[in-house]
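S.K.: sequence and predicted structure are below.
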Amino acid sequence: LALLPNGDLLATQKSSDGNVALCRSRDTGLSWEPPREVDVPGRGKLPGRAPMFSALADGTLLLGGPGAAIYRSSDEGSSWQESDVERTVSVDGASYDLFWGENSGPHELSDGTVVCSGYMTFEPGRCRAFLLRSTDGGRTWGDATPLAAASEVNLAVLPGDGMFACLRVQTDGAGEGGAALAVTESHDGGRTWKDPARILGKAQSPGFPVYLSDGRLVITYTHRQFPFGAQAIASRDGGATWDTAHPIILAWFSWDDTCGHPRSLALADGSILTGYYARLFKGSANPSTDVVGHCLRWRPPDDWPPTID
């Protein structure tokens with residue numbers, strides 16, 4: 001999801017032809033225009049789905065693509081240019097290339113620096129996430145620094161250029177059902193990070209953090225246990241503690257664990273826009289053909305999470 005300066009919203013999706021496409025909403029997510037496939041000069045249409053996507057304050061769009069490319073648009077997605085990305089990192093004397101997985105997209109700090117996350121894999125189940133930086137509006141990327149032992153990372157920028165991160169970490173389970181949600185934070189622009197703390201169990205990841213104007217942090221996350229779908233939890237103390245006993249269930253109607261991956265934006269009226277997918281039909285051996293994407297506008301209750309004396 002991306003919020004443009006004029007208030008319009010853009011969302012990425014996988015088109016019926018299997019390519020990355022953009023949808024536009026001119027009424028804060030209540031209705032959406034038909035998808036328009038992304039076409040990049042020299043590359044053509046991008047296959048698959050966008051691993052990351054966001055808008056900077058001036059409306060510049062930054063889109064992750066196949067092969068760990070990043071594309072930049074200054075005209076609301078009508079045209080695109082490929083950015084120069086230095087994504088090689090050194091770990092224990094060996095070189096690896098970063099990939100995006102699926103993450104929250106680039107985020108802009110107060111000094112104009114733009115950051116995004118990527119990760120590399122040592123072996124199945126062993127990953128390390130890094131933060132990349134751009135100082136020219138997303139045209140070039142580099143200056144990688146380690147973030148955590150995790151794969152997909154979703155970020156939220158906090159007041160004072162602090163950052164809060166939701167990490168997808170592997171447990172002793174395999175595949176999608178073995179992932180759990182951990183959190184960490186940085187107070188120096190992402191240069192150093194606290195030790196991650198796991199806050200949810202198996203099959204409750206990935207998570208996406210949103211900072212609200214009243215100081216609450218909200219995480220919307222995939223719920224790959226029954227009921228399959230997406231849920232949300234909140235913190236009143238900057239992420240130090242989380243009320244996992246009072247989740248808000250955003251979606252509970254997926255046939256199976258082909259669901260979730262919520263992406264969320266805090267809107268000016270205090271509501272949250274959350275996009276997610278669910279397997280609403282069961283007519284094929286290939287679950288992806290039965291998947292439907294939804295956008296939900298919802299308002300966190302003022303008394304959530306409840307204050308316990």
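M.R.: Thanks, I have the structure now. Residues are numbered from 1 along each chain as shown.
S.K.: please make it C-alpha for all contacts and neighbour counts, starting now.
M.R.: OK.
S.K.: report the central residue of the protein.
M.R.: Centroid check for the chain by CA atoms, centre = their mean gives S104 as the closest residue, at 2.6 Å.
S.K.: for the closest residue in space to P51 that isn't next to it in sequence, give its distance to T241.
M.R.: Excluding its sequence neighbours, the residue lying closest to P51 (CA to CA, 6 or more residues apart in numbering) is E102, at 4.2 Å. E102 is 26 Å from T241, where distance means CA to CA, to the nearest Å.
S.K.: so, low pLDDT: which residues of the stretch 151-300 of the chain?
M.R.: Applying pLDDT under 70 to the stretch 151-300 of the chain flags residues 171-178.
S.K.: all helices of it, in order?
M.R.: Remark: no helices are assigned in the stretch 151-300 of the chain by DSSP state H, counting those that start in this stretch.
S.K.: just the strands in it please.
M.R.: Counting by DSSP state E, counting those that start in this stretch, the stretch 151-300 of the chain has these strands, from start to end: 153-158, 162-170, 179-186, 197-198, 207-211, 217-223, 229-235, 248-251, 259-266, 272-279, 291-298.
S.K.: which one of those strands lies closest to N19?
M.R.: Among the strands of the stretch 151-300 of the chain, strand 291-298 comes nearest to N19, with 14.8 Å by CA to CA.
S.K.: adjacent strands (with direction) for the closest one?
M.R.: Using DSSP bridges, the strands paired with strand 291-298 are strand 272-279 (antiparallel).
S.K.: outside of the strand it pairs with, which residues touch it?
M.R.: By CA atoms under 8 Å, 6 or more residues apart in numbering, the residues outside strand 272-279 that reach it are 1, 29, 220, 229-230, 253-256, 258-267, 287-288, 290-300.
S.K.: before we move on, back to that, in what helix or strand does the residue nearest to P51 lie?
M.R.: Taking DSSP states H and E as the definition, E102 sits outside all helices and strands.
S.K.: give me the number of residues near it?
M.R.: E102 has 20 neighbours, counted by other CA atoms under 10 Å.
S.K.: what sits against it?
M.R.: Applying CA under 8 Å, 6+ apart, the residues near E102 are 50-52, 152-153.
S.K.: tell me which two of these sit farthest apart.
M.R.: Using CA to CA, the two most remote members of the contacts of E102 are A50 and V153, lying 14.8 Å apart.
S.K.: ok, those two, which is more surrounded?
M.R.: Ranked by neighbour count (other CA under 10 Å), A50 and V153 place V153 first, with 31 against 24.
S.K.: in the sheet, which residues pair with the more buried one? Tell me.
M.R.: Under DSSP bridges, the beta-bridge partners of V153 are L167.
S.K.: got a list of what it touches?
M.R.: Counting by CA under 8 Å, 6+ apart, V153 touches 102-104, 117-118, 129, 165-168.
S.K.: again, only using 10 Å
M.R.: V153 is in contact with 100-105, 116-119, 129-131, 147, 165-169, 181-183, 206-208, counting by CA atoms under 10 Å, 6 or more residues apart in numbering.
S.K.: now restrict these to buried residues only.
M.R.: Among those, the ones that count as buried by 16 or more other CA atoms under 10 Å are 100-105, 116-119, 129-131, 147, 165-169, 181-183, 206-208.
S.K.: of all the strands of the stretch 151-300 of the chain, which lies closest to E123?
M.R.: Of all the strands of the stretch 151-300 of the chain, strand 162-170 comes closest under CA to CA, at 12.1 Å.
S.K.: taking strand 217-223 as reference, get the angle to the closest one.
M.R.: Calculated by axes from the mean of the first three to the mean of the last three CA atoms, to 10 degrees, strand 162-170 forms an angle of 20 degrees with strand 217-223.
S.K.: and the angle from strand 162-170 to strand 179-186?
M.R.: Orientation of strand 162-170 against strand 179-186 (the same axes, to 10 degrees) gives an angle of 160 degrees.
S.K.: which one is V114 nearest to, not counting chain neighbours?
M.R.: Distances taken as CA to CA, 6+ apart place E108 nearest to V114, at 4.4 Å, with adjacent residues excluded.
S.K.: in the sheet, who's paired with the closest residue to V157 other than its chain neighbours?
M.R.: Nearest residue to V157, sequence neighbours excluded (CA to CA, 6+ apart): M163, at 4.6 Å. Counting by DSSP bridges, M163 forms beta bridges with V157, S186.
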